[in-house]
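Participant: give me a 3D structure for the following:
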Amino acid sequence: MPDRTADLQAALADRYRIERPLGRGGMATVYYAHDLRHDRPVALKVFHPELALALGERFLQEIRVAAKLSHPHILT
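Facilitator: Residues are numbered from 1 along each chain as shown. All right, here's what the predicted structure looks like:
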């Protein structure tokens with residue numbers, strides 16, 4: 001799969017500075033980035049383009065579950 005980091009950086013340049021990929025799986029790539037609005041490091045999960053439409057609702061469910069997590073080692 002081609003590296004789409006430059007395309008992602010261009011699309012999100014007003015909000016995030018993409019630093020590097022952290023991991024890649026069958027459905028998505030996770031990037032280490034800097035949130036420019038809140039001046040903090042973040043991890044961005046980006047679906048592979050061919051799966052984005054089909055998995056959108058599943059991803060939203062994952063976001064809802066993750067938002068409920070509370071632990072000293074989880075940053076929000």
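Participant: please count neighbours and contacts with C-alpha atoms only from this point.
Facilitator: Will do.
Participant: hey, which helix or strand in the chain has the poorest pLDDT?
Facilitator: helix 49-67 (a mean of 80; mean pLDDT, DSSP states H and E).
Participant: gap between that helix and the chain center?
Facilitator: Helix 49-67 sits 11 Å away from the centroid of its parent chain (Cα atoms, centre = their mean, to the nearest Å).
Participant: likewise for stretch 8-25?
Facilitator: Worked out by Cα atoms, centre = their mean, stretch 8-25 lies 8 Å from the chain centre.
Participant: measure it end to end?
Facilitator: 17 Å (Cα to Cα, to the nearest Å).
Participant: buried set for it?
Facilitator: 9, 16-18, 21 (16 or more other Cα atoms under 10 Å).
Participant: tell me which two of these sit farthest apart.
Facilitator: The largest separation in the buried residues of stretch 8-25, counting by Cα to Cα, is between 16 and 21 at 13.6 Å.
Participant: could you check how far the residue nearest the centre of the chain is from residue 30?
Facilitator: Residue closest to the average C-alpha location in the chain (Cα atoms, centre = their mean): residue 44, at 1.8 Å. As for residue 44, its distance to residue 30 is 5 Å (criterion: Cα to Cα).
Participant: with residue 57 instead?
Facilitator: 18 Å.
Participant: who's more crowded, the two?
Facilitator: residue 30 (16 against 11; other Cα atoms under 10 Å).
Participant: ok, residues contacting whichever strand or helix holds the more buried one?
Facilitator: Using DSSP states H and E, residue 30 sits in strand 28-35. Applying Cα atoms under 8 Å, 6 or more residues apart in numbering, the external contacts of strand 28-35 come out as 15-24, 40-48.
Participant: mark which of the buried residues of stretch 8-25 are part of strands, please.
Facilitator: 16-18, 21 (DSSP state E).
Participant: how near is the closest residue to residue 33 other than its chain neighbours to residue 67?
Facilitator: Excluding its sequence neighbours, the residue lying closest to residue 33 (Cα to Cα, 6 or more residues apart in numbering) is residue 18, at 4.3 Å. Separation of residue 18 from residue 67 (Cα to Cα) stands at 22 Å.
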